[in-house]
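K.L.:
Build the 3D model from these lines:
(chains A and B)
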There are 2 protein chains.
Amino acid sequence: MSAELARPDGEAGALFPGGVRALNVGVAEFSVAPRAHGAGVVALDWRPPAGGDRELGLVLARLEDDLDDPVGARVAAANRLAVERLLAARPLLVDVQPAALVVPGLGARTLLHAGPPIEWSRMCGPMRGAVIGAVLYEGWAATAEAAERLARDGSIGFTPCHHHGAVGPMAGILSPSMPVAIVDNAAAGNRAFATLNEGLGKVLRFGAYGADVLDRLRWMAGTLAPALARALAARGPVDLRSLTAQALLMGDECHNRNVAATSLFARLLAPALVRTSPPDTAAAVLDFLGANDHFYLNLSMAACKSALDAAHGIAGATVVTAMARNGVEFGIRVSGAGERWFTAPALVPDGLYFPGHGPAEANPDLGDSAITETMGLGGFAMAAAPAIVRFVGGSPEDGLAHTREMATITLARNAGYGIPALGFAGTPTGIDCRRVVDSGVVPVINTGIAHRDAGVGQIGAGIARAPLPCFAAALAELGRRLGLEKR
Amino acid sequence: MSAELARPDGEAGALFPGGVRALNVGVAEFSVAPRAHGAGVVALDWRPPAGGDRELGLVLARLEDDLDDPVGARVAAANRLAVERLLAARPLLVDVQPAALVVPGLGARTLLHAGPPIEWSRMCGPMRGAVIGAVLYEGWAATAEAAERLARDGSIGFTPCHHHGAVGPMAGILSPSMPVAIVDNAAAGNRAFATLNEGLGKVLRFGAYGADVLDRLRWMAGTLAPALARALAARGPVDLRSLTAQALLMGDECHNRNVAATSLFARLLAPALVRTSPPDTAAAVLDFLGANDHFYLNLSMAACKSALDAAHGIAGATVVTAMARNGVEFGIRVSGAGERWFTAPALVPDGLYFPGHGPAEANPDLGDSAITETMGLGGFAMAAAPAIVRFVGGSPEDGLAHTREMATITLARNAGYGIPALGFAGTPTGIDCRRVVDSGVVPVINTGIAHRDAGVGQIGAGIARAPLPCFAAALAELGRRLGLEKR
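P.N.:
Numbers count the residues shown, from 1 in each chain, chains lettered A, B, ... in the order given. Below is the predicted model:
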């Protein structure tokens, strides 16, 4: 039950000279009358749990940690295990290979996409553009029109990245011959994948599919990926946990700001790149890493995915293991609630727009990149990244407030990821569905804003919120699975 | 005049029921008696200006900005110009060349050293060790004993780096065949130099002179320096102002913490390095840059030196243009007080020691690196670098406090160097001798601590303070130069 005691906002006044005081619980309007008569009213900011849904409230009560109740004890133990796995994760970037060779279950004419499942007819503009681009890139069609026809007539299979251990920012379109970063979680033995980041401007993930976009993708597959693979083979895996930890001390939150992590990564890999590639190739790769401050984003996403997958599938655990958006729906998965997505309409982020753009052009929240928030980075680590808070239209104080608020809906602090501005307190990690539903406080996501039309690209950056109904539905499912029938 | 109103620390009590209150100015003991009788005493923390030196106090009063007084008006205008030059500085790393070819006035058997002038007989352990190492490196002697003999018998000339437009950290020993980074201040057209940073451990600047130290110096001169020079020639100058500004957003204060700036620099230069050096050389240079988080320190120092030199020599200006330590004395130079050094005994920094070491082994404050504080970085920018505050034994709050305190003795905020934790307020820049003497608040310096014996190396890190008498002496000289005779 959430109840925060507000500071007294009235003092005993004229009509009640002895100092009549009232305690007003909940609806603020009830305090107007006594105040008008001069009484002091202490307001208790109370909201009914589970948004007033009585059945869900009962489920919520039964799911609370309680060692004397078999259900409560089971939930507590399951969450302990889930959090343990999150905190123990040790993501290592081990290789870069074509998706077709390494991503399990990737069919011949299949495209992976961001967010929960979605078919062509419902896809948003940027995702459709990226699909067209990927079809052209794969050579399945020669023109945009032909590509669109294939997508529409069912010749192309669509399946979420998340169903294949993968993640992709924005449209998140991943086709078989695109290279993926391979991240092994050395603690749990599982593996995750992400596309390589293309940079800013006209890029596939925002739905652009011009010749320059496809040329860059070909260069990334033909030159960048093999060079990175050779360098990684020569120097050994790159410890992404260590890079992320350092970057959090350097103003990154590893979702929307990745300049420190990208710089550290480039500096770390440069000698091996030079030793294993022809000079022209090494120089071109270093140029690319030098010009793309977001290169680390996709590595950060794969690292988070590898940690969260290890915490998924624990019966009774109320920990959120994925948050992802397909540009139409926002979906979450919860450790103890199986493979199901709990979805609600995606919201338009609230942020700052580049000159000449505005909210009317914004696509609703899009991309798998909220996997970083699911792991306690991004919006959850905003206190570490005052520069990005300004970029999305806030002040450093807003960043501190976001991180502190997210600590109220998470189960742990990740001591490996210290935030300097909070006295090196760890990032708030392990979103607890119960706390979200109980308090109504929803995860904050630090995100780019895509133009709703294909290929225009990024038009701003801001803060998106995860929709509450996702968490309520997940909690109801958790209740069902634990034998607490709702209705 | 400094006067800070303390919060009331007493309430009206028993003996004076009507609430007798007193104002106590200065010496705290005077408030004991009235308080004992229950009176409320408001304490005003007042100290006489200029430490109670009446003559200096009069000089100080005449030097205050005052447009109706020819002296006050001249000082105000001179400081305006000095600060303008500091803020306008645009330091560019243009080249790396042997000192003998580029540093003006460097004699054949001359060694440059850190801090104000000092002769062999008074040099501290680490500086003597570095002198021996440099003599061996130059081939002027074959053994340490022979090198020491040359230094003692006057065969080697010693002159401060600062007298040649150069700066060097710790011992700051610079010999003719060592390479220097060349930094041009594009705004004022002047030039500054610094040695290249060797890394940590057994290094010349801490007084080590073993074969490994000399081998590294030879590699730096024969391989590193030419490779950097080729890369700079190919890509063009590196804008150090921009790198420093970015690094301040990334947790560096560009004196004791340089990991962000070094990473940005390595990432920036890597493509050109690869394009202009054989792969083995490029890889070795990138290895070196990758393993040395302090590489940027010396570039930061040269950048600061180039800005401060441009602000030096303005008649009437009370702005400090150099702070430097030779391990025995702390010296400052002031813009309007000529080439003279104003010195006082160097103090031992207050900080944390590496395991097995303690203050008894510490050398007094050493090196030209306080040039960074003189330009508003290092200790003045501690609020930007919470991680280094912890390293030197403080909390992030201490960092904020240091920067705020330094703002009370500086004339400007450098808007180009924003500090995220202070709402992007600029670094406090342009130390004003008057404010230091008036308030007794002395510059804070964020520094490494050297073992007092040659070659042991760094044994800790901490906070050093500039000695107040340096500033008092400089102020008296400023007064003399402005016709305000003292005595």
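K.L.:
May I have the distance across stretch A:378-385, first residue to last?
P.N.:
9 Å (C-alpha to C-alpha, to the nearest Å).
K.L.:
now stretch A:204-215
P.N.:
From its first residue to its last, stretch A:204-215 covers 11 Å (C-alpha to C-alpha).
K.L.:
who touches that stretch?
P.N.:
For stretch A:204-215, contacts defined as C-beta atoms under 8 Å, 6 or more residues apart in numbering or on different chains pick out A:125-130, A:132-134, A:136-137, A:144, A:168-173, A:195, A:198, A:202-203, A:217, A:367, A:450-451, A:453-458. Every C-beta, even on glycine, is put in place using the N, C-alpha and C of the backbone.
K.L.:
Buried residues in that stretch, which are they?
P.N.:
A:Leu204, A:Arg205, A:Phe206, A:Gly207, A:Ala208, A:Tyr209, A:Val213, A:Leu214 (16 or more other C-beta atoms under 10 Å in any protein chain shown).
K.L.:
what pLDDT, on average, does it get?
P.N.:
When pLDDT is averaged over stretch A:204-215, the result is 95.
K.L.:
Wait, a strand at A:Gly201?
P.N.:
No - per DSSP: H, G, I helix; E, B strand; the rest coil, A:Gly201 lies outside any strand segment and is coil.
K.L.:
right, and it touches A:Gly455 too?
P.N.:
No - if you go by C-beta atoms under 8 Å, A:Gly201 and A:Gly455 don't touch, sitting 10.7 Å apart.
K.L.:
Which one of the two is surrounded by more residues?
P.N.:
A:Gly455 (22 against 12; other C-beta atoms under 10 Å in any protein chain shown).
K.L.:
I'd like the secondary structure assignment at the residue nearest to that one when sequence neighbours are not counted, please.
P.N.:
Nearest non-adjacent residue to A:Gly455, counting by C-beta to C-beta, 6 or more residues apart in numbering or on different chains: A:Ala208, 3.7 Å away. Following three-state DSSP, we place A:Ala208 in the coil state.
K.L.:
For chain B, see how far away A:Ala208 is.
P.N.:
25 Å (C-beta to the nearest C-beta, to the nearest Å).
K.L.:
Could you pull up phi and psi at that residue?
P.N.:
Note on A:Ala208: its backbone torsions stand at phi -80, psi 140 [degrees, to the nearest 10].
K.L.:
For burial, what's the neighbour tally of A:Glu64?
P.N.:
By the criterion of other C-beta under 10 Å, A:Glu64 has 14 neighbours.
K.L.:
Show me the contacts of stretch A:204-215 that map onto helices.
P.N.:
When the contacts of stretch A:204-215 are checked against helices (DSSP state H), the matches are A:125-130, A:132-134, A:136-137, A:144, A:217.
K.L.:
thought A:Asp66 was touching A:Arg74?
P.N.:
No - counting by C-beta under 8 Å, A:Asp66 does not reach A:Arg74; the two are 9.9 Å apart.
K.L.:
quick one, phi/psi of A:Glu64?
P.N.:
With angles defined as degrees, to the nearest 10, A:Glu64 sits at phi -60, psi 150.
K.L.:
tell me the contacts of the closest residue to it other than its chain neighbours?
P.N.:
Distances taken as C-beta to C-beta, 6+ apart place A:Gly72 nearest to A:Glu64, at 5.7 Å, with adjacent residues excluded. Neighbour list for A:Gly72: A:Arg62, A:Leu63, A:Glu64, A:Asp65, A:Asp66 [criterion: C-beta under 8 Å, 6+ apart].
K.L.:
from those, which is closest to B:His162?
P.N.:
For the contacts of A:Gly72, the minimum distance to B:His162 (C-beta to C-beta) is 64.9 Å, reached by A:Asp65.
K.L.:
Now do the buried residues in stretch A:146-153.
P.N.:
Quick answer for stretch A:146-153 (16+ other C-beta under 10 Å): A:Ala147, A:Glu148, A:Leu150, A:Ala151.
K.L.:
Filter these down to the ones in helices?
P.N.:
Going by DSSP H, the helices hold A:Ala147, A:Glu148, A:Leu150, A:Ala151 from the buried residues of stretch A:146-153.
K.L.:
Quick check: what element follows the host helix or strand of A:Gly462 along the chain?
P.N.:
A:Gly462 is part of strand A:458-465 when elements are defined by DSSP states H and E. Using DSSP H and E, the helix or strand that directly follows strand A:458-465 along the chain is helix A:468-481.
K.L.:
burial of A:Arg54, as a residue count?
P.N.:
10.
K.L.:
What does the pLDDT read for it?
P.N.:
We have a pLDDT of 85 for A:Arg54.
K.L.:
How about A:Ala6?
P.N.:
For A:Ala6, the pLDDT comes out at 34.
K.L.:
Repeat that for the one 5 residues further on.
P.N.:
What the model reports as pLDDT for A:Glu11 is 37.
K.L.:
what does A:Arg128 give?
P.N.:
A:Arg128 is assigned a predicted lDDT (pLDDT) of 97.
K.L.:
and of the ones in helices among the buried residues of stretch A:146-153, the nearest to chain B?
P.N.:
Minimum distance to chain B across those is 34.9 Å, recorded for A:Ala147 (C-beta to the nearest C-beta).
K.L.:
Am I right that that closest one is in contact with A:Gly129?
P.N.:
No - at 10.2 Å, A:Ala147 and A:Gly129 do not qualify as touching, with contact defined as C-beta under 8 Å.
K.L.:
Mind listing the strands the strand holding A:Gly462 pairs with, and their directions?
P.N.:
With DSSP bridges as the test, strand A:458-465 is paired with strand A:350-353 (antiparallel), strand A:444-450 (antiparallel).
K.L.:
what comes into contact with that strand?
P.N.:
Everything outside strand A:458-465 that qualifies as a contact, by C-beta under 8 Å, 6+ apart, is A:200, A:206, A:256, A:325, A:346-354, A:357, A:361-362, A:365, A:370, A:379, A:391-394, A:402, A:442-451.
K.L.:
What angle do helix A:125-138 and that strand make with each other?
P.N.:
Note on geometry: by axes from the mean of the first three to the mean of the last three C-alpha atoms, to 10 degrees, strand A:458-465 and helix A:125-138 are set 120 degrees apart in direction.
K.L.:
Buried residues, strand A:458-465. List them.
P.N.:
Buried-residue list, strand A:458-465, by 16+ other C-beta under 10 Å: A:Gln458, A:Ile459, A:Gly460, A:Ala461, A:Gly462, A:Ile463, A:Ala464, A:Arg465.
K.L.:
now swap in stretch A:119-126 and tell me
P.N.:
The neighbour-count check on stretch A:119-126 (16+ other C-beta under 10 Å) flags A:Trp120, A:Met123, A:Cys124, A:Gly125, A:Pro126 as buried.
K.L.:
Leaving out the residues flanking it, which one is nearest to A:Val436?
P.N.:
A:Phe471 is the one closest to A:Val436 (C-beta to C-beta, 6+ apart), at 4.3 Å.
K.L.:
Could you give the number of residues near the one you found?
P.N.:
Close neighbours of A:Phe471, defined as other C-beta under 10 Å, add up to 30.
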